[in-house]
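Enquirer: need a structure here:
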Amino acid sequence: MRPFHDSARFWRSPLLPDMELLSAQYFRHEFAPHWHEEFSIPIVEAGAQGYRYRGKYLIGRPGGIMAINPGEVHTGERAADIGWAYRAFYPSAALMRRIAADLSGKPADVPWLPDCVIEDAEVAVKLLRAHRAMEAGADPLATETLLIDGLSLLVMRHALSAPRPASLHADQARVARMQARLAEQLDEPLGLSELAAQVGLSPYHATRLFARTVGIPPHAWRNQLRLQRARALLRQGLSVAEAAAATGFADQSHFTHSFKRSYGVPPGHWQKAR
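Expert: The predicted structure follows:
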């Protein structure tokens, strides 16, 4: 494998405009000792990064989460012949405190992450999927669900004095209200925070309640409803592109991919077989 070229892209997502994100790869660059006001949560995608942090020299390899707490001095350099590539989140202390409070259902302190490379494949995969979805400008409901899920799991499993998740009680009425809202807004963007606020829950508890009651998270349920509506339109003779646009799919390719995953054939083939 050829060495990476030094390149970095800082950007922000409309979902969380106060949080900076970074997609980067480095070979020659070495980070001098520095610190951030917010958390730094990079996940290595390839190669390896070495860094000095709280008196230790640590190496993050693919899937490793090199979490740095606010105000903590650290460095960075390549620890593999090719350098390293990673994706990083920079959430504020306020955001991380809110996530801890949402988990426990009561006020919480800012969670403190351990001074080691966190090796947790499930958390790393969730965070990388969220990061890529935010970079691609994917569906807000699905993207915010991935992000909240990933950060919540990180705090719950690895924060020192990790908060215990609050008990979840059945609440069919709240779930029905969320389903009604999703059905009303099939072709418009809707974020998880907005959906959760309408039923008086945190995003974390709203998606947990929904998934436990229905069997799938809100964005997956809405996707199935879109497919049901699209099938009805295909039966009426609308084209695949028209059915996709009328039911809120981002484009025909996304619609075809979702349709085939659920029904085993592309929508055009399904329509011709009717």
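
Enquirer: How far does stretch 234-254 sit from its chain's centre?
Expert: What separates the centre of stretch 234-254 from the centre of its chain is 26 Å, taken as Cα atoms, centre = their mean, to the nearest Å.

Enquirer: Now that stretch - C-alpha only, CSV.
Expert: The C-alpha coordinates for stretch 234-254 follow below in CSV (Å, rounded to 0.1, in the frame of the first residue of the first chain):
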residue,chain,number,x,y,z
LEU,A,234,-46.1,1.6,-9.2
ARG,A,235,-49.4,-0.4,-9.4
GLN,A,236,-51.1,2.8,-10.6
GLY,A,237,-48.6,3.0,-13.5
LEU,A,238,-46.2,5.7,-12.3
SER,A,239,-42.6,5.3,-13.4
VAL,A,240,-39.9,4.2,-11.0
ALA,A,241,-38.5,7.8,-10.9
GLU,A,242,-41.9,9.3,-10.2
ALA,A,243,-42.7,6.8,-7.4
ALA,A,244,-39.3,7.5,-5.8
ALA,A,245,-39.8,11.3,-5.9
ALA,A,246,-43.3,11.1,-4.6
THR,A,247,-42.4,9.0,-1.6
GLY,A,248,-39.4,11.0,-0.4
PHE,A,249,-36.5,8.9,-1.6
ALA,A,250,-33.3,11.0,-2.2
ASP,A,251,-33.0,9.6,-5.8
GLN,A,252,-34.0,6.7,-7.9
SER,A,253,-30.8,4.8,-7.1
HIS,A,254,-31.6,5.0,-3.3
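
Enquirer: Could you list the buried residues of it?
Expert: 234, 238, 240, 243-245, 247-249, 252 (16 or more other Cβ atoms under 10 Å). (C-beta placed from N, C-alpha, C; glycine too.)

Enquirer: ok, so of these, who is nearest residue 152?
Expert: Proximity of these to residue 152, judged by Cβ to Cβ, is greatest for residue 248, which lies at 26.8 Å.
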